[in-house]
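Asks: quick one, fold the following:
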Amino acid sequence: MPDPAYGVAKRVARTIAEERNLTPPFDLERLVAEFALLLDEPLPTQADAIVLHSRTPGERPRIAVDMGLRESPRRRRFAIAHALGHVLLGWHPLGAPCDVSTAPTELPATVHDLVEGEANAFARELLVPSAWVATMGGSDRTAQLIGHIAERAGVPTPAAARAVAAHLAPGHVWVVVDRWDRVLDAGRSPSTTVRAPVVGTELDATTYARHAAERQRIELDGCTLAVWRFDPAAVGLVPHDRSARDMVAVIGSALGMDDHAQAAFAARVDGIAGWANERADSASLVSMDRALRERVGTVPELAQVAEHPAFDELVSAKATELVAKRLAR
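Replies: Numbering: from 1, shown residues only. Purely as a prediction, here's the structure:
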């Protein structure tokens, strides 16, 4: 699956950094002062930060950061950069509470997920620039590299893990868990089909560890970071994604289609995907899923397909592929 790059948000962050010759770690609050008023206040919600419009026309917007984050400087730094993303990405609505401890979804299910994902991508590229991370490549000790980058850049471990994972070869999966083995965040390198552990669940690392070609595990920031690398032959032995093409073959075989009929079915799915991609009102999984189902419902020849038990997985796989491509632009 293509890597959801949130290209526009990352380009804005790179432009800001390049124009000012910023290299981690830099004075983030000085940068923020160019664009917004930064306030430390007790927030009435569980939010880390809230971006508010200016009180009077012509003034800068306000970034209110929860006072409690003074005791968590890395989380505070990321929260400020995230909030700055909302300010500079002009299409973002202001006023929504931001909780940067909430793990981002790999792809946005809703418009809210899309906005938060863009702000997270902006913050990561600003604080942990891709070009800067690339200069530290070549290490075969990925977990230690993530810890080093988190310390150097002053960011939480998950942010550093996502930044490093973007440079890893396919087949890498990482996870951060608390002392009770609850998954705080998880992800994978580009084009990896092995599924990362589900955030919020208790980690069962047995399957991952048993089939991984390489395993790394270290303690960082009161949490545990694990990194696994899987050879292609092991992918089928662990939870993994199946592509839309895979699902076309599964459904086609179940419905008795020959090779010619399956090729025609695959072409029809691609045509529907093209229509849905133009029709979907945002780069979110919900809107793309809705558009695909709407179109399939208008094609009588696909009635049997729509009734097949694997149809939902086919739609999910195709929606995922389309949204990932949109975000990588």
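
Asks: doesn't Arg60 make contact with Ser54?
Replies: Yes - using CB atoms under 8 Å as the test, Ser54 is close enough to Arg60 to be in contact (6.0 Å). No exception for glycine: its C-beta is placed from N, CA and C like everyone else's.

Asks: quick check: buried residues in stretch 202-215?
Replies: For stretch 202-215, a neighbour-count test (16 or more other CB atoms under 10 Å) marks 203, 205, 208, 211-212 as buried.

Asks: how long is that stretch end to end?
Replies: 19 Å (CA to CA, to the nearest Å).

Asks: heads up, I number from 14, so please use that
Replies: Sure, I'll start numbering at 14, so the last one becomes stretch 215-228.

Asks: next, Val240: secondary structure please.
Replies: Classification of Val240 by DSSP: H, G, I helix; E, B strand; the rest coil places it in strand.

Asks: didn't it look like it was pressed against Thr155?
Replies: Yes - if you go by CB under 8 Å, Val240 and Thr155 touch, sitting 4.8 Å apart.

Asks: so what sits against both of these two?
Replies: Taking CB atoms under 8 Å, 6 or more residues apart in numbering as the criterion, Val240 and Thr155 both touch 185, 187, 229.

Asks: can you tell me how far the closest residue to the first one other than its chain neighbours is from Asn290?
Replies: Closest residue to His185 in three dimensions, ignoring its sequence neighbours and counting by CB to CB, 6 or more residues apart in numbering: Ser202, at 4.0 Å. According to CB to CB, to the nearest Å, Ser202 stands 26 Å off from Asn290.

Asks: give me the number of residues near Ser143?
Replies: 15 (other CB atoms under 10 Å).

Asks: so how far is Arg24 from it?
Replies: When Ser143 is compared with Arg24 (using CB to CB), they lie 11 Å apart.

Asks: same question for Leu250.
Replies: For Leu250, the distance to Arg24 - CB to CB - is 39 Å.

Asks: with Val328 instead?
Replies: Distance, Val328 to Arg24, by CB to CB: 31 Å.

Asks: what does Val186 give?
Replies: With the distance defined as CB to CB, Val186 ends up 27 Å from Arg24.

Asks: when those two are compared, which one has more neighbours?
Replies: With neighbours defined as other CB under 10 Å, Val186 and Arg24 compare such that Val186 has more, 24 against 13.

Asks: tell me the secondary structure for the more buried one?
Replies: Look at Val186: counting by three-state DSSP, its state is strand.

Asks: these two touch, right, it and Val248?
Replies: No - in this structure, Val186 is not within contact of Val248 by CB under 8 Å, at 10.8 Å.

Asks: spit out the residues that contact those two alike.
Replies: Common neighbours of Val186 and Val248 (CB under 8 Å, 6+ apart) are Val207.

Asks: any idea of the mean pLDDT in the helix or strand Arg43 falls within?
Replies: Using DSSP states H and E, Arg43 falls within helix 41-45. When pLDDT is averaged over helix 41-45, the result is 96.

Asks: for stretch 130-141, same thing?
Replies: 93.

Asks: same check, this time on stretch 307-321
Replies: The average pLDDT within stretch 307-321 is 88.

Asks: may I have the distance across it, first residue to last?
Replies: By CA to CA, the extent of stretch 307-321 from end to end equals 16 Å.
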